[in-house]
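# What follows is a predicted protein model with its sequence.
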Amino acid sequence: MKYIIHLEDEAAIASGRVGQKFAVLAKAYRHGFPVPPAFAISTEAHHFFLQNGHWPEGLSDEVYGAAEVLGLEKGLSIRSSATREDLENHSFAGQYRTFLEVCRPAELKEKIQQCWLSAEADHVRSYLESMSESNGAETPLMGIILQRMVRAQVSGVAFGCNPMRPDSRNVVIEAVRGLADKLVNGHTTPYRGVVSENGLLTLDTFPRNPHVSEKADQPLLKKTEWLEIADTARRLEKLNGRTPQDIEWAIDSDQHLW
């Protein structure tokens, strides 16, 4: 059985085989959005692991080969893509493991397995129970995403629906220097911009850090970049049945938005 599924493969948009997160990325990729190169380990591999306690025969070689083509030596991210993750009412935010800057073959198997094991963690079971979906239910199957790291100068998240004003048509963008892992983990205060439906940009938060030698009111992004991120969020919303999307984004040293 082939357990590796690439963004361009037909199965890449089948969430039952690759998980919700990878299926959404593959859909965006098919419509021309700048998604960094990636592949998924299918949910069948996770099912085999749950049933047998070890990897399917041949999977390690498949993973190593595909990771080398992706650029393992330059660093990959390894992330969960569970079948119940990133749904409109079930985000599972922060429940599963994520690993960044994985660049050694010896790390691959360990980090992938830790992602799988996180699906059985006590806090995940509690999360399911809080939604009345557990009570002895089987562990949700998980695809695994391996994706090329973006050498981010600036990165962050964009909310297609303003969390504080859901009735508005504003896009809220949060940005930090470098990678956004400290932002999504709640360990740093971001720069924040709000873009209205008619393109009006309001910059309303600038972090004040005495250990950073820059003016507290210095913008992190150009106006055109704030607007480009907002436009991307709106186009993704349109692609997904006009459902507002929360997206992760990064701008590299060539000023390319991913």
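Thanks, I have the structure now.
# C-alpha only now, for contacts and for neighbours.
Will do.
# Phe39 - nearest residue in space that isn't next to it in sequence?
In this structure, Phe39 finds its nearest non-sequential neighbour in His6, 4.3 Å apart by Cα to Cα, 6 or more residues apart in numbering.
# show me what contacts that neighbour?
By Cα atoms under 8 Å, 6 or more residues apart in numbering, His6 lies in contact with 12, 38-40.
# go with 10 Å
Residues near His6 by Cα atoms under 10 Å, 6 or more residues apart in numbering: 12, 18, 22, 26, 37-41, 66, 145-146.
# Which secondary structure element is home to Glu248?
strand 246-252 (DSSP states H and E).
# My error: substitute Leu108 in the last question.
Going by DSSP H and E, Leu108 is in helix 105-118.
# For this protein, give me the ranges with low pLDDT.
1, 85-95, 121-138, 185-186, 205-219 (pLDDT under 70).
# before we move on, back to that, pull out the buried positions in the strand holding Glu248.
246, 248-251 (16 or more other Cα atoms under 10 Å).
# who does that strand touch, helix- and strand-wise?
Using 3 or more Cα pairs under 10 Å, 6 or more residues apart in numbering; DSSP states H and E as the contact test, the elements touching strand 246-252 are strand 152-159, strand 171-177, helix 223-239.
# Helix 223-239 and that one, what's the angle between them?
140 degrees (axes from the mean of the first three to the mean of the last three Cα atoms, to 10 degrees).
# re earlier: buried deepest among the helices and strands packed on strand 246-252, which one?
The highest average neighbour count among the helices and strands packed on strand 246-252, using mean count of other Cα atoms under 10 Å, belongs to strand 171-177 at a mean of 24.
# export that one as PDB, just CAs?
The C-alpha trace of strand 171-177 is given here as PDB (Å, rounded to 0.1, in the frame of the first residue of the first chain):
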ATOM      1  CA  VAL A 171     -10.000  40.500   8.700                       C
ATOM      2  CA  VAL A 172      -7.700  40.500  11.800                       C
ATOM      3  CA  ILE A 173      -4.000  39.900  11.100                       C
ATOM      4  CA  GLU A 174      -1.400  39.200  13.800                       C
ATOM      5  CA  ALA A 175       2.300  39.300  12.900                       C
ATOM      6  CA  VAL A 176       5.600  38.700  14.600                       C
ATOM      7  CA  ARG A 177       9.200  38.600  13.400                       C
END
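# Does Ala152 touch Ala180 like I think?
Yes: contact criterion Cα atoms under 10 Å: Ala152 and Ala180 qualify, at 8.8 Å.
# Need the overlap of contacts for those two.
249-250.
# hmm, back to that, including distance to Ser60, could the helices and strands packed on strand 246-252 go into a markdown table?
Below are the helices and strands packed on strand 246-252 laid out as a markdown table (distance: least, Cα to Cα, whole Å):
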| stretch | distance to Ser60 |
| --- | --- |
| strand 152-159 | 29 |
| strand 171-177 | 35 |
| helix 223-239 | 34 |
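# What helices and strands are in contact with the helix holding Leu108?
Counting contacts by 3+ Cα pairs under 10 Å, 6+ apart, helix 105-118 is packed against helix 43-52, helix 59-70, strand 76-82, strand 98-102, strand 142-148.
# how about a cut-off of 6 Å?
Packing contacts for helix 105-118, counted by 3 or more Cα pairs under 6 Å, 6 or more residues apart in numbering; DSSP states H and E, involve no helix or strand.
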